[in-house]
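Asks: fold the following and give me the result.
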Amino acid sequence: MLSPYAIPILYLICFSGLAYYIIRIIQSGAETYNKVYTEETARQFADIFLFIPPRRISELAWAASVAAFLILFFLAGDFSSTSGTIRGIIFGALAAGLTLNLPRWYLAVLKRRRAEQFNEQLVDALMTMSNALRSGASIIQAFEHIVRQNQTPISQEFNLFLQETRLGVRFEDALANLNTRVNSDDLTIMIRAIEIARQTGGNLTEVFDKISAMIRERMRIQKRITALTSQGRLQGIVVGIMPVLLVIAMFVLDPKMMISFFTAPVGIIIAFAAVILEIAGALMIRKIINIDI
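Replies: Take a look at the predicted model:
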């Protein structure tokens, strides 16, 4: 005859093994995140001259992830019932997982702003380099003149280009490295003009003047288009956020009804269709308002 404690002991052993297996999976994922994700992100931050140790990125990301988990847990769940606890854990885990990607999202924002600032400075830099070439300076001296003005980020990128040439890198290879780092269409046009002028000759000062005027006109048109499409952009943001806020509000007001809805087959199908339509609408609005010049 089995002891009355046999079944609870077996349950305890099973749940202990499952908990150990889950903890091992989470630990393995955390180690991979710290070694691969944060180190790669740190290298990309270094590309824009922001030298942040990978350990610091990992610490900030995990702290933000824990804070997001706790906030969503107490907003969407509670300890009064098992369903409330499970609901809080699910929403908290989703928020924590998304928060771990914050360093990459922040990096993308910084890269976009840095590229916009670089293109704005490139207009004046081309005029300055054109004037320097007219006064008899070489192309290297024209780059040095931009570096001495100490306007970031263009001075940082041009200074790195000059350091590569001083260390023995070929002029063309250093230009190619500069183009790869910055990844700007305007800079690509300038580099192609320099390469053609070095190979075939030509008045590089006039080319720089024309490129500068073209970039300035393109930026003016782009700002005009941004102002005209601002209403559509705001509508896309409102349409995308409204359903999410509505679902969160309904969970707070009547969690039993929402749990019944999301556990029913019809509710799951409707929710899945709503997500697909939301994504399709967001992509369509983005396609309409994004006008490439």
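Asks: what ranges do the strands span in this protein?
Replies: Ranges of strands within the chain: none, based on DSSP state E.
Asks: okay, now the domains of this protein?
Replies: Residue ranges for the domains of the chain, per automatic domain parsing: 32-100, 117-218, 230-289.
Asks: who touches stretch 153-170?
Replies: 48-49, 114, 117-118, 121-122, 125, 140, 143-144, 146-149, 171, 173-175, 177-178, 181-182 (C-beta atoms under 8 Å, 6 or more residues apart in numbering). For every residue, glycine as well, the C-beta is placed using N, CA and C.
Asks: mark which of those are part of helices, please.
Replies: Among those, the members falling in helices (DSSP state H) are 114, 117-118, 121-122, 125, 140, 143-144, 146-148, 171, 173-175, 177-178, 181-182.
Asks: now, of those residues, which are buried?
Replies: Buried by 16 or more other C-beta atoms under 10 Å: 114, 118, 121, 122, 125, 143, 146, 147, 174, 175, 178, 182, out of the ones in helices among the contacts of stretch 153-170.
Asks: give me the pLDDT value at the third one.
Replies: Confidence per residue is given as pLDDT, and for residue 121 that number is 86.
Asks: contact partners for it?
Replies: 151, 153, 154.
Asks: and the gap between the last one and residue 143?
Replies: Put plainly, it is residue 154. According to C-beta to C-beta, to the nearest Å, residue 154 stands 10 Å off from residue 143.
Asks: turn the buried ones among the ones in helices among the contacts of stretch 153-170 into JSON lines, including distance to residue 92.
Replies: Listed next are those as JSON lines, based on distance: C-beta to C-beta, whole Å:
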{"residue": "114", "distance to residue 92": "34"}
{"residue": "118", "distance to residue 92": "40"}
{"residue": "121", "distance to residue 92": "44"}
{"residue": "122", "distance to residue 92": "45"}
{"residue": "125", "distance to residue 92": "49"}
{"residue": "143", "distance to residue 92": "52"}
{"residue": "146", "distance to residue 92": "50"}
{"residue": "147", "distance to residue 92": "49"}
{"residue": "174", "distance to residue 92": "49"}
{"residue": "175", "distance to residue 92": "50"}
{"residue": "178", "distance to residue 92": "45"}
{"residue": "182", "distance to residue 92": "40"}
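Asks: with that, I have no additional questions.
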